[in-house]
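Undergrad: Show me the folded form of this:
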Amino acid sequence: MVSFADRAATPTHVLVRILDRESVLLNLETEQYFGLDETGTRMWQLVTGSPNIDAAYQELLAEFDVEPELLRSNLMELLSRLVQSGLLQVLPADVGTAPAI
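TA: Have a look, this model is predicted:
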């Protein structure tokens, strides 16, 4: 299950290509691919570039004119499908980060 406190990362076996605001994600191990439209690509960019999924969600709320619950539902559906396809890793937010001094 995906939690908004977690962070998302691109697995090393996934190739991502963005062209004209749309993207294709290819799992090199299974040869399964997934195409994303402009909105899905923006979700992908923010989720994989943010410290956690909630930060990406908050940025998406600021960028798009959408009801918060609809965005939450759509984002969860997309992330779940990508995880199931091996195209996205979801990790606890503190995994792989340097400890604070």
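Undergrad: what about Glu29, distance to Val2?
TA: 21 Å (C-beta to C-beta, to the nearest Å). Placement of C-beta: from N, CA and C, glycine included.
Undergrad: what stretches of the chain score poorly on pLDDT?
TA: Filtered on pLDDT under 70, the chain yields the residue ranges 94-101.
Undergrad: quick check: longest helix of it.
TA: Scanning the chain for the longest helix, with DSSP state H as the assignment, gives helix 68-84.
Undergrad: now for the helix or strand that that helix is followed by, which elements pack on it?
TA: Next along the chain after helix 68-84, taking DSSP states H and E as the criterion, comes strand 89-91. Contacting strand 89-91 under the criterion 3 or more C-beta pairs under 8 Å, 6 or more residues apart in numbering; DSSP states H and E are the following elements: strand 7-9, helix 68-84.
Undergrad: Pull out the buried positions in strand 89-91.
TA: Residues of strand 89-91 classed as buried: Gln89, Val90 (neighbour count, 16 or more other C-beta atoms under 10 Å).
Undergrad: Name every strand pairing with it and say which way it goes.
TA: Paired neighbours of strand 89-91 in the sheet (DSSP bridges): strand 7-9 (antiparallel).
Undergrad: hmm, who's touching the strand it pairs with?
TA: 47-48, 50-53, 56, 79, 88-93, 95-96 (C-beta atoms under 8 Å, 6 or more residues apart in numbering).
Undergrad: Most neighbours among those, which one?
TA: Val47 (27 neighbours; other C-beta atoms under 10 Å).
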